[in-house]
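A.B. asks: The sequence isn't on hand, but the structure is:
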């Protein structure tokens, strides 16, 4: 298993996504967060919904995932936020060294 993972989440807008991203990076629970606009289609409370969202790919250490979720959850505007851990199979070591310097130690 890789030391680093993506913690994936979606938000209703850029403002809320950016607030969580900044909180996680400042707390050293994430090295970097990438934000992407997208359209989601889902069922909520018995109704089919389609709408814009912002996806966040939170680059963090596997050992910090639970801490990152615990820090992000109270800031997240959704009743049932999405937090999914996605594996990172590999990458360039100089990037991983940079990410280690910017996150809490194991």
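C.D. replies: Yep, it's here. What you see is a predicted model; the values in this text were computed from it and never measured.
A.B. asks: Report the distance from the helix or strand where residue 72 lies to the chain centre.
C.D. replies: According to DSSP states H and E, residue 72 maps onto helix 65-72. Relative to its chain's centre, helix 65-72 lies at 9 Å (CA atoms, centre = their mean, to the nearest Å).
A.B. asks: now it: mean pLDDT?
C.D. replies: Mean per-residue pLDDT for helix 65-72: 98.
A.B. asks: which of the residues in that helix are buried?
C.D. replies: Buried residues in helix 65-72, counted by 16 or more other CB atoms under 10 Å: 65, 67-69, 71-72. Backbone N, C-alpha and C define where each C-beta goes, glycine included.
A.B. asks: do stretch 16-33 as well
C.D. replies: Quick answer for stretch 16-33 (16+ other CB under 10 Å): 16-17, 19-21, 23-25, 28-33.
A.B. asks: got it, and stretch 83-98?
C.D. replies: Using 16+ other CB under 10 Å as the test for burial, stretch 83-98 gives 83, 88, 96.
A.B. asks: residues contacting the last one?
C.D. replies: This points to residue 96. For residue 96, the contact set (CB atoms under 8 Å, 6 or more residues apart in numbering) comprises 3-4.
A.B. asks: Residues touching the helix holding residue 72, excluding its own?
C.D. replies: Identification of contacts with helix 65-72 by CB under 8 Å, 6+ apart yields 5, 7, 9, 20, 23-24, 27, 29-30, 58, 60, 81, 83, 85, 104.
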